[in-house]
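Participant: What follows is a predicted structure for the sequence shown.
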Amino acid sequence: MDVSNYEFEKYGYCKIIYNDKCGLIDKRFNIVVEPVYEKIILFDEFKKYAVVKTKYGDFNERVCWKFINLNSNEILGRNFQEILISESGYFPIKLNNKWGFCNRYGQVIIEPKYNFVSGFNEGVSLASIYVGKSYLPENSCFLISPKGVVFLFVS
């Protein structure tokens, strides 16, 4: 068992690697999350949640990202193609090749419908969408709030 990334001070957990799979142990070296994941990203200062990466399907060809509750090992929310960690508490997520946002509990707050999103900064995110044949120009950009309200249209 390889113990790496000593994050005990910040999160109270430490990542472990066993048979090329990641898990977590606590300060007493008890296994909190079995080493079955491709990657684990700790992000929650309250020491309750993390993001995990798994592979599934024939020959483990597909990658899936999930939120996990560290207290119960419960998987939260949907399986995402990608999750970007953000200090704002709103995480850009990719599902069906579109981007949206979820909160730190894995709950989708803005459905994935954008071709691109940035992280939230000062309460807004830049998002773009290819809309094809509609009243909006192609590759339109928006500033959106965490509730999905469009503040500004930028062409």
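Facilitator: Noted; the coordinates are in hand.
Participant: so where's the chain uncertain?
Facilitator: Within the chain, the stretches with pLDDT under 70 are 1-7, 9, 45, 57-61, 130-139, 152-155.
Participant: in the protein, which spans are helices?
Facilitator: Counting by DSSP state H, one finds helices in the chain at the ranges 8-11.
Participant: For stretch 12-26, buried residues please.
Facilitator: Going by neighbour count (16 or more other CB atoms under 10 Å), the buried part of stretch 12-26 is Tyr13, Cys14, Lys15, Ile16, Cys22, Gly23, Leu24, Ile25, Asp26. Heads up, the C-betas are built off the backbone N, CA and C, glycines and all.
Participant: Check stretch 66-83 too.
Facilitator: For stretch 66-83, the neighbour count (16+ other CB under 10 Å) marks Lys66, Phe67, Ile68, Leu70, Leu76, Gly77, Arg78, Phe80, Gln81, Ile83 as buried.
Participant: Surely Phe80 and Asn97 touch.
Facilitator: No: contact between Phe80 and Asn97 fails when scored by CB atoms under 8 Å: they sit 11.4 Å apart.
Participant: what's the most distant pair in the buried residues of stretch 66-83?
Facilitator: Leu70 and Gln81 (22.8 Å; CB to CB).
Participant: and the closest residue to Tyr18 other than its chain neighbours, how many neighbours?
Facilitator: Once flanking residues are discounted, Tyr18 sits nearest to Pro35: 4.1 Å by CB to CB, 6 or more residues apart in numbering. Residues lying near Pro35 (other CB atoms under 10 Å) number 19.
Participant: For Pro35, which residues are in contact?
Facilitator: Pro35 makes contacts with Met1, Ile16, Ile17, Tyr18, Asn19, Lys21, Cys22, Gly23, as judged by CB atoms under 8 Å, 6 or more residues apart in numbering.
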